[in-house]
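In: With the input below, show me the fold.
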Amino acid sequence: MDTTLNIYFDKNGINYLTHTNQLVGIIRSYPGTADLKYICLAFEPFINNNPCTFSDSWQALASRIQPQNMEVYKGSVSTDAEYGNRYSVSNIGFYGTPGNCPSEVLGIDNTSTSILYPAISQKINGTFSVCNADSASVNTIIYFDYSDELWLFTASGISSNMAISSSLLVPSGMQARNVTINKYLTIDFQDDTDVYFDSATNVFKMGKLPQKK
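Out: Modelled structure (predicted):
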């Protein structure tokens with residue numbers, strides 16, 4: 001089932017992002033203390049509504065390149081995937097019939113001869129985007145949880161599929177390494193949801209744009 005996050009901007013909000021060279025960023029936040037989170041979508045918004053449709057379509061990925069802060073995840077092999085299944089990946093790619101695992105997780109089994117960096121991606125606005133990644137030693141299975149929690153923010157120097165240090169993502173916003181990250185809004189994303197950018201405070205809030213008096 002598709003679920004849509006409607007993100008509303010007025011003219012002043014668009015002007016603010018343009019003048020500060022910022023984009024909208026979305027992270028699907030997972031439990032735990034991982035050093036890196038992943039920007040599943042970064043885009044330049046338009047005035048009024050910017051619908052972001054999250055489809056119930058997933059892929060399992062694997063890479064030999066270790067993800068780095070402020071760099072895009074570089075997947076080398078992939079396969080269509082579903083939660084409740086476990087996928088095996090060798091030196092040449094994913095293979096075989098998926099095994100079973102608990103319905104709330106998606107497993108990736110590293111059967112190759114070297115460490116891999118598996119990941120999961122979700123189809124957002126018609127394109128698969130990385131939501132989470134980890135490292136897997138040889139003969140190790142990594143299980144990815146599901147999460148309904150989204151973090152919505154604006155920032156400079158970001159792009160879709162980019163890894164970003166958790167230390168840069170704080171509710172109060174911060175600036176580091178020539179990257180400005182504004183305060184993020186936490187969203188429990190289980191149904192279609194409306195949010196808007198409050199151009200008076202330059203942060204996101206729940207609901208649609210208030211009607212002008």
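In: going forward, measure contacts and count neighbours with C-alpha atoms only.
Out: Fine.
In: Over to the residue positioned nearest the centre of the chain. Which of the three states is it?
Out: Centroid check for the chain by CA atoms, centre = their mean gives residue 40 as the closest residue, at 2.7 Å. Here residue 40 is recorded as strand under DSSP: H, G, I helix; E, B strand; the rest coil.
In: can I assume it is in contact with residue 127?
Out: No - using CA atoms under 8 Å, residue 40 is not in contact with residue 127; the gap is 10.2 Å.
In: if we can go back for a sec, can you pull the pLDDT of the residue nearest to the centre of the chain?
Out: With respect to pLDDT, residue 40 scores 97.
In: same question, the one 5 residues further on
Out: pLDDT, the model's per-residue confidence, is 96 for residue 45.
In: Pull the number of nearby residues for residue 59.
Out: 19 (other CA atoms under 10 Å).
In: show me what contacts it?
Out: Residue 59 makes contact with 78-82, 120-122, 128 under the criterion CA atoms under 8 Å, 6 or more residues apart in numbering.
In: Most neighbours out of these, which is it?
Out: Among those, residue 120 has the most neighbours (other CA under 10 Å), with 26 neighbours.
In: State the distance from that residue to residue 58.
Out: 7 Å (CA to CA, to the nearest Å).
In: any idea where the helices of the chain begin and end?
Out: 11-20 (DSSP state H).
In: Confidence-wise, which helix or strand of it is lowest on average?
Out: The weakest-scoring helix or strand in the chain, judged by mean pLDDT, DSSP states H and E, is strand 174-176 (a mean of 54).
In: average pLDDT across stretch 66-74?
Out: Mean per-residue pLDDT for stretch 66-74: 94.
In: distance between that stretch and the chain's centre?
Out: What separates the centre of stretch 66-74 from the centre of its chain is 13 Å, taken as CA atoms, centre = their mean, to the nearest Å.
In: How much space separates the residue nearest to the centre of the chain from residue 7?
Out: Taking CA to CA as the measure, residue 40 falls 15 Å from residue 7.
In: What's opposite residue 80 in the beta bridge?
Out: Applying DSSP bridges to residue 80 yields these beta-bridge partners: residue 59.
In: thinking it is in contact with residue 56, fair?
Out: No - Residue 80 is beyond contact range of residue 56, at 11.3 Å (criterion: CA under 8 Å).
In: Leaving aside the residues adjacent along the chain, what's closest to residue 113?
Out: Setting aside the residues directly before and after it, residue 113 is nearest to residue 138 in space (CA to CA, 6 or more residues apart in numbering), at 6.0 Å.
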